[in-house]
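S.K.: Fold the following and give me the result.
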Amino acid sequence: CFRALCCKGPPPPRPEYDLVCIGLTGSGKTSLLSQLCSESAENIVSTTGFNIKAVPFQNAILNVKELGGADNIRKYWSRYYQGSQGVIFVLDSASSEDDLETARNELHSALQHPQLCTLPFLILANHQDKPAARSVQEV
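M.R.: Presented below is the predicted three-dimensional model:
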């Protein structure tokens, strides 16, 4: 109201960016988004299907589409890639060797997908606070 009264008008709209957040079940995708949105991290359950959150920052808004990471859901990830402007890939750095190999295969598949291969990727090695966490070099 004050801006309008002072003839400065409303503040300029913040740009919005559409991101997709992928990773295996239990990697911490939902917890990450809850933290970014200043929501409680209590009672978090694995995402079945997908979840969309608007993450506000001072100069932009990130519309993050979090896709469930269960084995039976991962085959549908590519259906949600269209329109994405960036990718957040979350992996559990304290997971088993088999799960880490599965995560690596899913990451390579996403990196080669025609709708994602030219987009910026953020690879987040989550759960660094756990004793079994691997270093960046090991991941």
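S.K.: shaky segments in the chain?
M.R.: Low-confidence segments of the chain (pLDDT under 70): 1-9.
S.K.: ok, the nearest residue to Phe121 once chain neighbours are set aside to Ile22 distance?
M.R.: Leaving aside its chain neighbours, Phe121 sits nearest to Val87 (4.8 Å; criterion: C-beta to C-beta, 6 or more residues apart in numbering). In short, each C-beta sits where N, CA and C put it, glycine included. Plainly put, Val87 is 7 Å away from Ile22 if you go by C-beta to C-beta, to the nearest Å.
S.K.: shared neighbours of those two, anything?
M.R.: By C-beta atoms under 8 Å, 6 or more residues apart in numbering, Val87 and Ile22 have these common neighbours: Ala110.
S.K.: Among these two, which residue is more densely surrounded?
M.R.: Per other C-beta atoms under 10 Å, whichever of Val87 and Ile22 has more neighbours is Ile22, with 26 against 21.
S.K.: What backbone torsions are found at the more buried one?
M.R.: The phi and psi values for Ile22, taken as degrees, to the nearest 10, are phi -130, psi 160.
S.K.: wait, it sits on Trp77?
M.R.: Yes. With contact defined as C-beta atoms under 8 Å, Ile22 counts as touching Trp77 (5.9 Å).
S.K.: Quick check: neighbours shared by those two?
M.R.: Common contacts of Ile22 and Trp77, defined by C-beta under 8 Å, 6+ apart, comprise Leu67, Ala110.
S.K.: what distance separates the strand or helix carrying the residue nearest to Phe121 from the middle of the whole chain?
M.R.: Secondary structure from DSSP states H and E places Val87 in strand 86-92. With C-alpha atoms, centre = their mean, to the nearest Å as the basis, strand 86-92 stands 5 Å off its chain's centre.
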